[in-house]
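J.: Sequence first, predicted coordinates after that:
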Amino acid sequence: MGLRERKKQKTRLALIDAALDLFLARGYEATTIDQIAASVDVSPRTFFRYFASKEDVALALQADALDIFVAELSARPDAESPFTAMSQAMRAALATVGHNDEADHERFAKTCELRDRHPALVAGQARLMMAHEQRLLAEITRRRGADDLRSHFVLALFAAVARTCFEQCGPGEIRDVAALARRLDETLVVAGQSLRPGWDE
């Protein structure tokens, strides 16, 4: 990245850090955007250049991870079946997140803690997932050449596999990217043993 992009990224991360710390210390509902901006010594107007709302900044890391997943999926070879491509893309996305620095891992842990404390963010996370599922469906449709029942079923089944992976993680695992990656591999192995080859093509 150039200097301007690095400065923008630094400001964005500073806003995320300030927001997470304030949310955890004062409560999500009690924290204002003005307080977040003041903690970084920027104006609320600057905050809105990066995020549309408190929910956006609270879920920023999850949105970033989903963007990485979609990008990895788009980069997978066209010869791969949709389910295989999504499995490999999720592995690659977790590997990318896992190679981040300690500060990013700390942000991830804080995001998980914040979500656990504030159920309202679970609904926001669900909305985020639904928006990204439409992008995934578009890629599945492109690979299969059809927007039909099977394409929707491929997406629904992969979503169920991913949800099973996360639900089977313990409190420590869900905050540990490496442990999460191992749990994903275990879940995908079970899925692979349960599905007939070629079912998603």
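T.: Received it, and whenever you're ready, just let me know what you need.

J.: ok, the closest residue in space to residue 17 that isn't next to it in sequence - contacts?
T.: Nearest non-adjacent residue to residue 17, counting by CB to CB, 6 or more residues apart in numbering: residue 107, 6.8 Å away. From N, CA and C alone the C-beta is placed, and that goes for glycine too. Listed by CB atoms under 8 Å, 6 or more residues apart in numbering, the contact partners of residue 107 are 13, 16-17, 20, 61.

J.: which one among the residues you listed gets closest to residue 5?
T.: Nearest to residue 5 among those is residue 13, at 12.6 Å by CB to CB.

J.: burial count for that closest one?
T.: By other CB atoms under 10 Å, 17 other residues sit near residue 13.

J.: Give me the buried positions along the helix or strand where it lies.
T.: Assigned by DSSP states H and E, residue 13 belongs to helix 3-26. Residues 11-20, 22-23 are the ones in helix 3-26 that count as buried (16 or more other CB atoms under 10 Å).

J.: With distance to residue 125 and pLDDT added, can I get these in JSON lines?
T.: JSON lines is the format used below for the buried residues of helix 3-26 (distance: CB to CB, whole Å; pLDDT from 0 to 100):
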{"residue": "11", "distance to residue 125": "24", "pLDDT": "95"}
{"residue": "12", "distance to residue 125": "20", "pLDDT": "95"}
{"residue": "13", "distance to residue 125": "20", "pLDDT": "94"}
{"residue": "14", "distance to residue 125": "23", "pLDDT": "96"}
{"residue": "15", "distance to residue 125": "19", "pLDDT": "96"}
{"residue": "16", "distance to residue 125": "16", "pLDDT": "96"}
{"residue": "17", "distance to residue 125": "20", "pLDDT": "95"}
{"residue": "18", "distance to residue 125": "21", "pLDDT": "96"}
{"residue": "19", "distance to residue 125": "16", "pLDDT": "96"}
{"residue": "20", "distance to residue 125": "15", "pLDDT": "95"}
{"residue": "22", "distance to residue 125": "19", "pLDDT": "96"}
{"residue": "23", "distance to residue 125": "14", "pLDDT": "95"}
